[in-house]
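**Student:** below is the sequence, then the predicted model.
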Amino acid sequence: MDLLPSPHTPGDDERTGRTTALNPAEQVWTAQHRELVSELCDGDVDEWTVGDLFDRVHTTWLESDERPDPTPLVHAFGVALGDLVARDVPGMAWVSYREDDAMALALARAGDPLVVFPIASVEEHWGVVVEGWFTTHVQAVVDETVRQLRHSGRSEQGADGWS
């Protein structure tokens, strides 16, 4: 199972999609999801607090007789995952990724071909993960992102915030 759902790794020089800065509507959309998670976590947005919230919400959803559409939950936790990864990986920021007719919000770093899809990662795992997944997944994605960025040869030790 891939930790980073990414079709384009540092070794792939022929990325067919392109990244652009978030447009105003995408900025508002991510801010709304960020605010929702922040409110539910009483402003303490770290991997443990969000992970505890994820566990409670996910368990409640799984135990529900009539499961509502999880898309709003996936989006909120996907934005939280992306924010936590961006916090821990220097230079990573939210971008709009477009390929053919498809568009997704993702994380990328200027000058590097790696694209990370945190919302898609939560969506892929929704409904099948065990308690504690979110907390451990944050660190796994951070570690794998750092590994791939270092592997790309575009980072110089110390210059990018890693020593």
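**Tutor:** Sure, I can see it.
**Student:** only C-alpha atoms from now on, for both contacts and neighbour counts.
**Tutor:** Noted.
**Student:** pick out the residue closest to the middle of this structure.
**Tutor:** residue 118 (2.3 Å; CA atoms, centre = their mean).
**Student:** list the buried ones in stretch 88-101?
**Tutor:** The neighbour-count check on stretch 88-101 (16 or more other CA atoms under 10 Å) flags 88, 89, 92, 93, 94, 95, 96, 97, 98 as buried.
**Student:** which two among these are spaced furthest apart?
**Tutor:** 88 and 98 (24.7 Å; CA to CA).
**Student:** ok, back up a step: from what I can see the residue nearest to the centre of the chain touches residue 76, true?
**Tutor:** No: using CA atoms under 8 Å, residue 118 makes no contact with residue 76, being 10.6 Å away.
**Student:** low-scoring stretches of this protein, by residue?
**Tutor:** By pLDDT under 70, the low-scoring segments of the chain are 1-15, 153-163.
**Student:** so where do the strands sit in it?
**Tutor:** 18-20, 93-99, 102-108, 115-116 (DSSP state E).
**Student:** could those strands be laid out in JSON lines, adding distance to residue 56?
**Tutor:** Putting the strands of the chain into JSON lines (distance: least, CA to CA, whole Å) gives the following:
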{"stretch": "strand 18-20", "distance to residue 56": "34"}
{"stretch": "strand 93-99", "distance to residue 56": "27"}
{"stretch": "strand 102-108", "distance to residue 56": "25"}
{"stretch": "strand 115-116", "distance to residue 56": "26"}
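**Student:** residue 137: which of those is closest?
**Tutor:** strand 115-116 (13.2 Å).
**Student:** may I have the strands that pair with the closest one, each with its orientation?
**Tutor:** strand 102-108 (antiparallel) (DSSP bridges).
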